[in-house]
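[1] any chance you can model this:
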Amino acid sequence: MKTLLLTTIAFTALAITSTAALAVAQRLGPGDKTITFSNLSMTDGSPDDGTCEKRYGEGFTTKDHPDSTNDTLKRGTDKGHDILVIAMGGSVSGGIFSIENEYEIIFPGDETKTPVDVELAATGLVGTQEASGVFSDGTCRGTLHIKVLEP
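    I've put the predicted structure just below:
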């Protein structure tokens with residue numbers, strides 16, 4: 001009986017956490033998003049050696065990935081990036097939302113298909129379908145602006 005109760009509590013907690021994380025991730029609204037990057041540099045603040053420009057350029061447009069499911073959220077880009085959403089978080093308070101997400105990205109042209117862990121933190125106003133923030137992938141860092149595209 002104790003095992004059944006603990007299992008039920010664990011599944012309930014997982015469902016609530018997953019639902020809350022998905023709700024925060026959707027604050028910008030559903031659909032394709034344009035992400036523009038600026039102030040690219042190496043994580044220590046030194047000028048970009050070309051790696052960051054190659055990975056991110058000035059930006060890209062994300063879109064649903066055909067292999068995405070409710071359990072495994074995947075995105076692709078118009079430039080060929082493969083993105084796996086690893087963790088979603090954030091909050092909403094007083095009309096302001098925050099997003100704190102972690103991704104694994106395989107960059108176009110990477111023949112080894114080695115995923116790079118990317119962390120993003122952004123804020124926006126509820127209902128605007130835009131957010132601005134910062135990101136780092138352990139090699140590169142910079143600022144970003146996210147905007148939902150009109151359907």
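
[2] name the residues of stretch 105-121 that are buried.
    105-107, 110, 115, 118-121 (16 or more other C-beta atoms under 10 Å). For glycine as for every other residue, the C-beta is placed from the backbone atoms N, C-alpha and C.

[3] neighbours of the residue lying closest to residue 108 once chain neighbours are set aside, how many?
    Once flanking residues are discounted, residue 108 sits nearest to residue 80: 3.4 Å by C-beta to C-beta, 6 or more residues apart in numbering. Counted with other C-beta atoms under 10 Å, residues neighbouring residue 80 total 12.

[4] for residue 80, phi and psi?
    When read as degrees, to the nearest 10, the backbone of residue 80 gives phi 100, psi 10.

[5] and it, what pLDDT?
    We have a pLDDT of 93 for residue 80.

[6] need the contact list for the residue nearest to the spatial centre of the chain.
    Geometric centre of the chain, nearest residue: residue 101, 4.9 Å, by C-alpha atoms, centre = their mean. Each residue near residue 101 by C-beta atoms under 8 Å, 6 or more residues apart in numbering is listed here: 25, 85, 87-90, 119-120.

[7] redo that, cut-off 6 Å
    Going by C-beta atoms under 6 Å, 6 or more residues apart in numbering, residue 101 touches 88, 120.
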